[in-house]
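K.L.:
give me the fold of what follows.
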Amino acid sequence: MSRLSIVIAPEPVLKRSAEPVERVDDRVRRLMDDMLETMRAANGIGLAAPQVGDLRRIIVVDVSLPEDEPRPYRMANPELVWRSEETATGEEGCLSLPDHYADVTRPARVRVRYRDEDDTPQELEADGILARCIQHEMDHLEGILFVDHISSIRRDMILRKLSKTKKQQVSAAE
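P.N.:
Now for the predicted structure:
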């Protein structure tokens, strides 16, 4: 496995829709494993392929606590087949928007259909942080960032700060 570079907003790849995976083969499994390693190294709980510059419909999620046994989900072509009417509001952050957080309201429970790392169709019903994380990562597959769910003033402020930080890093590297 190897660590991948995480794309930091604002980058155009983060605003594009991802393409379906034809089938989960060794190359897709390798990407899933690399994404999990990258996510864990960055202390994240989810990562979508567009966040590492790959426009395929792949997400990985593991919301287990550090002291617990890992429980990763590797999902190709995830699709929400049910959302609860009940909603929950909670703080979200994103590896592509480091050090920025905001409260986002989402369905409290979801059912997702996907293909696992063995290309086997699966269905999972999730609630709590797992449901929030799956929805957050699936948003990335549509070019949606968590800041797209908050006020435009706050979103623009966060994106301007990230852009400024990125320019400063480029200047310092030159």
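K.L.:
hey, let's count contacts and neighbours off CA atoms from now on
P.N.:
Noted.
K.L.:
burial count for residue 12?
P.N.:
Using other C-alpha atoms under 10 Å, residue 12 has 10 neighbouring residues.
K.L.:
do the same with residue 92
P.N.:
Using other C-alpha under 10 Å, residue 92 is surrounded by 17 other residues.
K.L.:
same thing with residue 43?
P.N.:
11.
K.L.:
do you know how far it is from residue 116?
P.N.:
23 Å (C-alpha to C-alpha, to the nearest Å).
K.L.:
tell me the confidence at residue 127?
P.N.:
According to the prediction, residue 127 has pLDDT 98.
K.L.:
got the contact list for residue 7?
P.N.:
Neighbour list for residue 7: 14, 50, 51, 52, 53, 96 [criterion: C-alpha atoms under 8 Å, 6 or more residues apart in numbering].
K.L.:
before we move on, which element is residue 171 in?
P.N.:
In this structure, residue 171 is located in helix 152-173 according to DSSP states H and E.
K.L.:
again, but for residue 71
P.N.:
Here residue 71 is assigned to no helix or strand, by DSSP H and E.
K.L.:
just the one 4 residues further on next, same as before
P.N.:
Assignment of secondary structure by DSSP H and E places residue 75 within strand 73-83.
K.L.:
off-centre distance for that strand?
P.N.:
Remark: strand 73-83 is offset 12 Å from the chain centroid, using C-alpha atoms, centre = their mean, to the nearest Å.
K.L.:
what secondary structure does the spatially most central residue of the chain sit in?
P.N.:
Central residue of the chain (C-alpha atoms, centre = their mean): residue 137, 3.0 Å from the mean position. For residue 137, the secondary structure call by DSSP: H, G, I helix; E, B strand; the rest coil comes out as helix.
K.L.:
show residues contacting the next helix or strand after the strand holding residue 75.
P.N.:
The helix or strand immediately downstream of strand 73-83 is strand 87-94, counting by DSSP H and E. Outside strand 87-94, the residues that touch it by C-alpha under 8 Å, 6+ apart are 44, 99-109, 146.
K.L.:
so which of those comes closest to residue 23?
P.N.:
Comparing these against residue 23 with C-alpha to C-alpha picks out residue 44 as the nearest, at 26.1 Å.
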